[in-house]
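In: For reference, the sequence and a predicted model appear below.
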Amino acid sequence: MYDELTPVDIKKMQEELDYRITVVRPKILEEVKFTRSFGDLSENFEYHAAKRERGKNESRIRYLRNMIKTAIVIDTKSADDVVGLFDTVTYYVEEDAEEETVRIATSLRRDPFQSIISKESPLGSAIMGKRVGDRVEVKVNPDYSYYIVIRKIEKGADDESLEIRKY
């Protein structure tokens with residue numbers, strides 16, 4: 001499966017990849033060498049911790065390389081009156097009788113705690129391409145769905161303010 005990412009997503013991943021290779025990797029390798037000198041490796045906690053960190057870093061490097069290599073680069077532009085990537089959308093949840101606001105982002109930069117949702121999420125995929133006043137069914141799973149009404153769309157841009165997920 002290929003991830004749909006923006007040019008900014010790719011740029012941010014490349015920056016992290018470069019940092020991990022040129023700064024983090026040498027620092028961790030030095031730490032592994034240093035802790036190895038502490039003696040008996042079978043009981044050397046510091047050595048095992050440093051090796052674990054090396055493994056996590058190498059895993060992240062592989063992940064970033066794979067994401068960059070297999071990504072499908074997408075355009076973030078959308079019409080002024082429809083929901084698109086990086087737009088902030090205010091909607092009314094009928095069953096709760098409440099208004100909520102979310103921002104749509106790529107899966108790499110989603111942060112539900114900040115009300116930033118992925119365009120692939122049930123809500124995100126339901127409202128992408130919709131207009132103010134549209135009543136939309138959000139299918140969470142085969143047994144549960146709910147209806148919302150889009151109240152407001154604030155156009156956004158891919159401005160690099162959203163961080164990529166770390167792990």
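Out: All right, it came through fine.

In: Packing partners of the least confident helix or strand in the chain by mean pLDDT?
Out: Counting by mean pLDDT, DSSP states H and E, the weakest-scoring helix or strand in the chain turns out to be strand 4-5, with a mean of 88. When contacts are defined as 3 or more C-beta pairs under 8 Å, 6 or more residues apart in numbering; DSSP states H and E, strand 4-5 sits against strand 72-73. For the C-beta atoms, the positions are set from N, CA and C on the backbone; glycine is no exception.

In: Report all helices and strands that the strand it packs on contacts.
Out: strand 4-5.

In: Can you list the strands that the strand it packs on pairs with?
Out: Using DSSP bridges, strand 4-5 pairs in its sheet with strand 72-73 (parallel).

In: in which helix or strand would I find residue 124?
Out: Secondary structure assigned from DSSP states H and E places residue 124 in helix 122-127.

In: what's in contact with that helix?
Out: 83, 89, 91, 102, 104, 117-119, 136-140, 148, 150 (C-beta atoms under 8 Å, 6 or more residues apart in numbering).

In: Can you tell me the strand partners of the helix or strand following that helix and which way each runs?
Out: Toward the C-terminal end, the helix or strand that comes next after helix 122-127 (DSSP H and E) is strand 135-141. Here strand 135-141 has these sheet partners by DSSP bridges: strand 144-154 (antiparallel).
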